[in-house]
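K.L.:
output the structure for:
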Amino acid sequence: PRRQIDVAKHGFELAFGKSPTHYGAAPGRIEVLGNHTDYNEGYILSAAIDKFCVIAARRTEDNAGVMVSSEGRFERVTAQMNDIQKGYD
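P.N.:
Numbering: from 1, shown residues only. Purely as a prediction, here's the structure:
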């Protein structure tokens, strides 16, 4: 996803005037068989694909995280870091 990371970095710099300090990428997936059956102990067939979800982010002085997507519009997202809770153990 190097190209998508470069696009997200560029969009972040356009949106916020600063470089991002963190990046995240997750592969896309498709479900060929068994959509919505896996949590009912059914069979599924899924596969990773060559598409990615990429974000660029930076923590602000007021402990917020600002992010932008690599998908063209570079929409801003802000989240208070104090509001983020730990996920599953």
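K.L.:
where are the low-confidence patches of the protein?
P.N.:
Flagging of the chain using pLDDT under 70 yields the residue ranges 1, 37-38, 68-74, 84, 86-89.
K.L.:
quick one: the helices in it, in order.
P.N.:
2-16 (DSSP state H).
K.L.:
max-length strand in the chain?
P.N.:
In the chain, assigned by DSSP state E, the strand with the most residues is strand 45-59.
K.L.:
list the buried ones in that one?
P.N.:
52, 54-58 (16 or more other CB atoms under 10 Å). Using the backbone N, CA and C atoms, a C-beta is placed for each residue, glycine as well.
K.L.:
contacts for that strand?
P.N.:
By CB atoms under 8 Å, 6 or more residues apart in numbering, the residues outside strand 45-59 that reach it are 1, 4-5, 7-9, 11-12, 16, 18-34, 65-70, 81.
K.L.:
thinking again about what came up before, can you lay out the buried residues of strand 45-59 as TSV showing distance to Tyr43?
P.N.:
Shown next, in TSV, are the buried residues of strand 45-59 (distance: CB to CB, whole Å):
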residue	distance to Tyr43
Phe52	27
Val54	31
Ile55	32
Ala56	37
Ala57	37
Arg58	42
